[in-house]
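Participant: Any chance you could fold what I've pasted below:
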Amino acid sequence: MENLDVKCAGAGREIASKSAADERLLGRALGVLEEQGVYALFLFLEAQGKDPGRKISQSCLDFLRRNPSSAPLLNDGDKWNALQELAKDLNALLFARDLLRQVLLYARYHLKAKEEQRG
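Facilitator: Here you go, the predicted structure:
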């Protein structure tokens with residue numbers, strides 16, 4: 001059985017280390033995800049018009065295209081069309097939301113830990 005929580009943790013760590021994301025942006029992204037859903041999350045991140053938002057969006061997109069490994073939640077191709085396809089299956093959409101929530105929470109915790117180490 002595939003441990004997706006570990007994969008969420010890895011994706012979160014990658015977001016925290018690679019992008020210039022800050023805790024505020026991740027918190028706002030989590031709020032959009034919770035209140036408005038997966039499609040809105042990607043739209044929000046793209047609408048930031050800055051590098052951190054786009055990098056987080058790309059990391060989340062790559063995550064959904066690779067996981068779960070036996071049946072990835074998103075197909076390749078145009079991001080927006082893939083997200084609309086995902087929305088046709090409510091179970092898959094809710095599963096994707098839960099996974100993205102974990103990814104963003106882990107990214108936030110990694111950022112917080114990094115800030116604590118700097119001190």
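Participant: Every contact and neighbour count from this point should use C-alpha atoms.
Facilitator: Fine.
Participant: Enumerate every residue touching residue 92.
Facilitator: 73, 86 (CA atoms under 8 Å, 6 or more residues apart in numbering).
Participant: tell me which residues in the helix or strand containing it are buried?
Facilitator: Assessed by DSSP states H and E, residue 92 sits inside helix 90-118. The neighbour-count check on helix 90-118 (16 or more other CA atoms under 10 Å) flags 93, 96-97, 99-111 as buried.
Participant: What segments of this structure are helices?
Facilitator: Remark: helices assigned in the chain by DSSP state H are 4-18, 23-36, 38-47, 51-66, 79-86, 90-118.
Participant: and these as CSV, adding mean pLDDT and distance to residue 73?
Facilitator: As requested, the helices of the chain are exported to CSV (pLDDT from 0 to 100; distance: least, CA to CA, whole Å):
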stretch, mean pLDDT, distance to residue 73
helix 4-18, 94, 13
helix 23-36, 95, 16
helix 38-47, 96, 12
helix 51-66, 94, 5
helix 79-86, 96, 7
helix 90-118, 93, 7
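Participant: Can you add distance to residue 72 and give these back as CSV?
Facilitator: Formatted as CSV, those follow (distance: least, CA to CA, whole Å):
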stretch, distance to residue 72
helix 4-18, 12
helix 23-36, 20
helix 38-47, 15
helix 51-66, 5
helix 79-86, 10
helix 90-118, 10
